[in-house]
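Novice: Fold the following and give me the result.
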Amino acid sequence: MTAAALARMAAMKSPPGIARRLALSLALLFAALPALPQTPGYSVEIVVFRNGSDAGAMEAGMARPAFTGDDVVPTPAESRKLGGAVARLNRSGLRVIGQASWRQDPTAWNSRRGVPAARLGLPGISGKVIFERGQYLHLGVDLVIEDGGKRYRLNEVRRVKADEIHYFDHPAVGVIAILTSGT
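Specialist: Residues are numbered from 1 along each chain as shown. Okay, here's the model as predicted:
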């Protein structure tokens with residue numbers, strides 16, 4: 001084969017080679033770009049309220065429970081879905097203690113990691129709100145509510161569906177929660 005023939009073959013093969021190199025260069029460029037910040041996928045909103053009963057209060061000498069795994073950092077969000085529930089609770093004689101709304105992605109199933117009540121700005125409330133994903137979504141509360149010189153503990157985790165209102169019950173306190181995806 002002559003040099004001219006090799007030059008003609010090289011010239012014929014260069015467009016696909018250039019296209020491959022260009023595609024590889026673009027792929028590397030996009031891989032090297034910094035990731036855009038992602039907004040967490042779920043909005044969680046809770047309302048904590050008292051019904052006036054003293055039933056189920058913790059014993060006066062009972063030690064405060066230690067909460068572990070309360071290290072999830074929420075992204076603040078506006079309360080939107082439970083405003084009507086707050087108004088109805090207040091009209092019915094129940095007292096709303098606190099309301100919070102935030103965005104987060106679920107933690108791993110059975111990790112029991114949660115958002116601390118202190119980060120949610122819930123006065124008189126300690127503990128955490130748990131949001132996990134296994135095969136299904138699970139929402140839970142492990143909260144101690146201090147009100148009127150008494151303490152009440154509400155500790156419950158349950159399977160939930162997005163866009164449904166969920167009620168966590170206790171004889172003296174309650175939590176209404178809603179989980180919304182993608183908004």
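Novice: for the protein, what spans make up the helices?
Specialist: 3-32, 83-91, 117-120 (DSSP state H).
Novice: For burial, what's the neighbour tally of the nearest residue to E45 once chain neighbours are set aside?
Specialist: Nearest non-adjacent residue to E45, counting by Cβ to Cβ, 6 or more residues apart in numbering: S101, 4.1 Å away. (Each C-beta comes from the backbone N, C-alpha and C, glycine too.) Number of residues near S101 (other Cβ atoms under 10 Å) recorded here: 20.
Novice: and if you look at V73?
Specialist: By other Cβ under 10 Å, neighbour count at V73 equals 9.
Novice: can you pull the pLDDT of the residue lying closest to it once chain neighbours are set aside?
Specialist: Nearest residue to V73, sequence neighbours excluded (Cβ to Cβ, 6+ apart): R119, at 7.2 Å. As predicted, R119 sits at a pLDDT of 92.
Novice: Next: the one 5 residues further on.
Specialist: pLDDT for G124: 91.
Novice: my guess is it meets A117, correct?
Specialist: No: at 9.2 Å, G124 does not count as touching A117 under the criterion of Cβ atoms under 8 Å.
Novice: Which of those two has more residues huddled nearby?
Specialist: Set G124 next to A117 and count neighbours by other Cβ under 10 Å: A117 wins out with 26 against 14.
Novice: In contact with the closest residue to that one other than its chain neighbours, which residues?
Specialist: Spatial nearest neighbour of A117, chain neighbours left out: I125 (4.5 Å); criterion: Cβ to Cβ, 6+ apart. Counting by Cβ atoms under 8 Å, 6 or more residues apart in numbering, I125 touches V48, I97, G98, A117, L143, V144, I145, E146.
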